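Participant: Got a predicted model here, sequence first, then my questions.
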Amino acid sequence: MSERNKEILLPVKELYSYLQSLVQNRLWLKVLIAMLGGIVLGAYFATGPDWIGEKTLESIINWIAFPGNVFIRVVQMIMIPLMFSSVVQGIAGGENTDYLKKSGLKLLGYYGITTTTVLTLAVILVSIIRPGDYMDATHLITADMAINTDAITESQTVLSFGNLPTLMTDLLPANPLQALVSGDMLSIVIFAIIIGISLANIPPDTAVPLLKVLYSVQEITMAITRWAMKLAPVAVFGLMCQVTSKVGIETIMGLSMFMLTVIFGLLIVVAVYTSILLFIAKINIRDFFANAKDVLLLAFSVSSSAAVMPLTLKTAEEKMNINPSVSRFIIPVGVTLNMDGTAVFQAIATLFLAQVYGLQLDTVSLILIIITTILASIGTPSAPGAGVIVLGSVLATIGIPVTAIALIIGVDRLLGMFRTSVNVMGDLVTCQVFNRMYLKEEKANRRLERE
């Protein structure tokens, strides 16, 4: 391993021991207990107990949710610098930059095929189960939740074939600083890839100073991550209490069929990943899940694939023997681009709300939903609650207003934990696939050298 690569991996190794101790101390179990406790307390507050005034109750709930809101802000705060520094270092600090250049298009093709496959299966699933038929939301749909027919035409125009060149051009940030400030994750990743490739093609003595700066940035973000992890159980308790107190336990129970459909859809994604491991990566399934168990549980606990990215990298390299040239490129990029769990949730949520509204969708509308969901999931920040916020752009394709998200916001926190674990699993599966390709290429190169 090169000196440059060793230097880059240092902060990841330092943070791993801390994250590993959290897993060994059953952080995930503490979070689950906190979540259930928050639901119970929130359900009690939702009944409006007589012994406490309405304003006082609201103040108490706000203070209970305070650690959770701080936790979310901290994760959002470090997400962009961590993402940018990791992508650049993963490309410029790798051992085999030629492999990364050649595998870029293959990686995009892989993401496109897997995401389209799981979304198609999700659409079929919702069409069969029809979870929206089990919920009567007539009394919940207010005037500001009315169907917006103009939005359908506008969305179809934006996503038309003739507008594709404009959409693709807009992905390149004309002002990188503006993209960083606005949090445009896809533009940031593209900018980071361009910088990383440029650094890999200039003399090392010129590239190393910037890589050292990015190393320091990554070390700072990881120190902040350690602090944020200490808030996880209290944060989940407060957020679940706040959400349940607003919507009530009855609403959550009324959404039970929607929740089951999403969970079943995520299990389908897991089945697709398992098939990829068996037939493409040729990996033992039992060994994979044994090695990935810790990071999947932690991802479930904190609902943020960005927050556990250092542990994902460590798991891939130390437990799964993934070459750092592969893992350091694929995992940071995958945190933004490979969001199959989020995409399936957004597709199911869109069709669920369409069924609640009584909309009859034709094949063209379903294809439009799939395309929009792919684009929306790519730009979804890997932070708690981000998936349901970005869902608004998907809803616009069928004229459902963003305010309709209020109907499912009460269970988003629960479902976010499941889809985050699926997203992290997807990154590790991708590493296995491309590591196999990398090893084949290295073996072929050695054979040529001997000849």
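Facilitator: Thanks, I have it.
Participant: Could you pull up the residues touching Pro81?
Facilitator: Contacts here follow Cβ atoms under 8 Å, 6 or more residues apart in numbering; on that basis Pro81 touches 217-218, 220-221. Quick note: C-beta positions are derived from backbone N, CA and C, even for glycine.
Participant: And the pLDDT for it?
Facilitator: Confidence at Pro81, expressed as pLDDT, is 79.
Participant: how far away is it from Ala232?
Facilitator: The span separating Pro81 from Ala232 equals 21 Å under the rule Cβ to Cβ, to the nearest Å.
Participant: One more: Ile374?
Facilitator: 31 Å.
Participant: So which of those two has more stuff around it?
Facilitator: The neighbour count for Ile374 versus Ala232, taken as other Cβ atoms under 10 Å, is higher for Ala232 (24 against 20).
Participant: looking at it, the more buried one is touching Ser301, isn't it?
Facilitator: Yes. Taking Cβ atoms under 8 Å as the definition, Ala232 is a contact partner of Ser301 at 6.0 Å.
Participant: how about the contacts of Pro81 in a markdown table, adding distance to Ile39 and pLDDT?
Facilitator: As requested, the contacts of Pro81 are arranged in a markdown table below (distance: Cβ to Cβ, whole Å; pLDDT from 0 to 100):
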| residue | distance to Ile39 | pLDDT |
| --- | --- | --- |
| Val217 | 38 | 81 |
| Gln218 | 36 | 70 |
| Ile220 | 35 | 79 |
| Thr221 | 31 | 74 |
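Participant: so what's the backbone phi/psi at the residue lying closest to Phe84 once chain neighbours are set aside?
Facilitator: In space, Phe84 comes closest to Ala192 once its chain neighbours are excluded; the distance is 4.8 Å by Cβ to Cβ, 6 or more residues apart in numbering. Backbone torsions of Ala192, given as degrees, to the nearest 10, read phi -60, psi -40.
Participant: Quick check: what element follows whichever strand or helix holds Lys293 along the chain?
Facilitator: Using DSSP states H and E, Lys293 sits in helix 285-302. Counting by DSSP H and E, the element after helix 285-302 in chain order, helix or strand, is helix 309-314.
Participant: which helices and strands does that next one pack with?
Facilitator: The elements that helix 309-314 packs onto, with contact taken as 3 or more Cβ pairs under 8 Å, 6 or more residues apart in numbering; DSSP states H and E, are helix 3-24, helix 285-302, helix 324-337, helix 409-450.
Participant: what secondary structure does Lys282 sit in?
Facilitator: The three-state label given to Lys282 by DSSP: H, G, I helix; E, B strand; the rest coil is coil.
Participant: Which pLDDT value goes with the closest residue to it other than its chain neighbours?
Facilitator: Leaving aside its sequence neighbours, Lys282 sits nearest to Arg436 (Cβ to Cβ, 6+ apart; 6.8 Å). Model confidence at Arg436, expressed as pLDDT, equals 92.
Participant: Could you do Ile224 as well?
Facilitator: Predicted confidence (pLDDT) for Ile224: 77.
Participant: now do Ser325
Facilitator: Here, the pLDDT recorded for Ser325 equals 79.
Participant: just Ile128 next, same as before
Facilitator: Note on Ile128: pLDDT of 93.
Participant: OK, contacts around Ile194?
Facilitator: Here Ile194 is in contact with no residue (Cβ under 8 Å, 6+ apart).
Participant: Can I get the helix or strand it falls within in CSV? Just the C-alpha atoms.
Facilitator: Counting by DSSP H and E, the element that carries Ile194 is helix 185-200. Written as CSV, here are the backbone C-alpha positions of helix 185-200 (Å, rounded to 0.1, in the frame of the first residue of the first chain):
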residue,chain,number,x,y,z
MET,A,185,-25.3,16.5,-3.1
LEU,A,186,-25.2,15.1,-6.7
SER,A,187,-23.3,18.2,-8.0
ILE,A,188,-20.9,18.0,-5.0
VAL,A,189,-20.1,14.3,-5.8
ILE,A,190,-19.6,15.1,-9.5
PHE,A,191,-17.3,18.0,-8.6
ALA,A,192,-15.4,15.8,-6.1
ILE,A,193,-14.9,13.1,-8.8
ILE,A,194,-13.5,15.6,-11.2
ILE,A,195,-11.1,17.0,-8.6
GLY,A,196,-10.1,13.5,-7.6
ILE,A,197,-9.3,12.4,-11.2
SER,A,198,-7.4,15.7,-11.7
LEU,A,199,-5.3,15.1,-8.6
ALA,A,200,-4.6,11.5,-9.7
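Participant: got the angle between it and helix 324-337?
Facilitator: For the pair helix 185-200 and helix 324-337, the angle between their directions (axes from the mean of the first three to the mean of the last three Cα atoms, to 10 degrees) equals 160 degrees.
Participant: Kindly provide the whole-number mean pLDDT of helix 185-200.
Facilitator: On average, the pLDDT along helix 185-200 is 76.
Participant: do stretch 32-50 as well
Facilitator: 82.
Participant: what's it in contact with?
Facilitator: Taking contacts as Cβ under 8 Å, 6+ apart, the residues outside stretch 32-50 that touch it are 54, 57, 60-61, 64, 233-234, 236-249, 252, 301, 413-414.
Participant: Got a quick PyMOL command for the buried subset of these?
Facilitator: Only the buried entries of these go into this PyMOL selection, using 16 or more other Cβ atoms under 10 Å:
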select buried, resi 57+61+64+233+234+236+237+238+239+240+241+242+243+244+245+247+248+249+252+301+413+414
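Participant: Quick one: buried ones out of the contacts of Pro81?
Facilitator: In terms of neighbour count (16+ other Cβ under 10 Å), the buried residues within the contacts of Pro81 are 217-218, 221.
Participant: now these in a markdown table, with distance to Val270?
Facilitator: Output for those, formatted as a markdown table (distance: Cβ to Cβ, whole Å):
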| residue | distance to Val270 |
| --- | --- |
| Val217 | 34 |
| Gln218 | 30 |
| Thr221 | 29 |
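Participant: all helices for the stretch 1-150 of the chain, in order.
Facilitator: Under the criterion DSSP state H, counting those that start in this stretch, the stretch 1-150 of the chain carries helices at the ranges 3-24, 27-46, 54-92, 97-129, 149-158.
Participant: count of neighbours near Leu121?
Facilitator: 17.
Participant: Then Ile113?
Facilitator: Using other Cβ under 10 Å, Ile113 has 10 neighbouring residues.
Participant: How far away from the center of its chain is the helix or strand containing Phe352?
Facilitator: Secondary structure from DSSP H and E places Phe352 in helix 340-356. Using Cα atoms, centre = their mean, to the nearest Å, the mean C-alpha position of helix 340-356 is found 15 Å from that of the whole chain.
Participant: the inter-axis angle of the helix or strand following it versus helix 324-337?
Facilitator: Counting by DSSP H and E, the next helix or strand C-terminal to helix 340-356 is helix 363-378. Relative orientation of helix 363-378 versus helix 324-337 (the same axes, to 10 degrees): 120 degrees.
Participant: Pull the contacting residues for the residue lying closest to Phe71 once chain neighbours are set aside.
Facilitator: The shortest distance from Phe71 to any non-neighbouring residue, by Cβ to Cβ, 6+ apart, is to Ala235 (3.6 Å). With contacts taken as Cβ under 8 Å, 6+ apart, Ala235 has the following neighbours: 67-68, 70-72.
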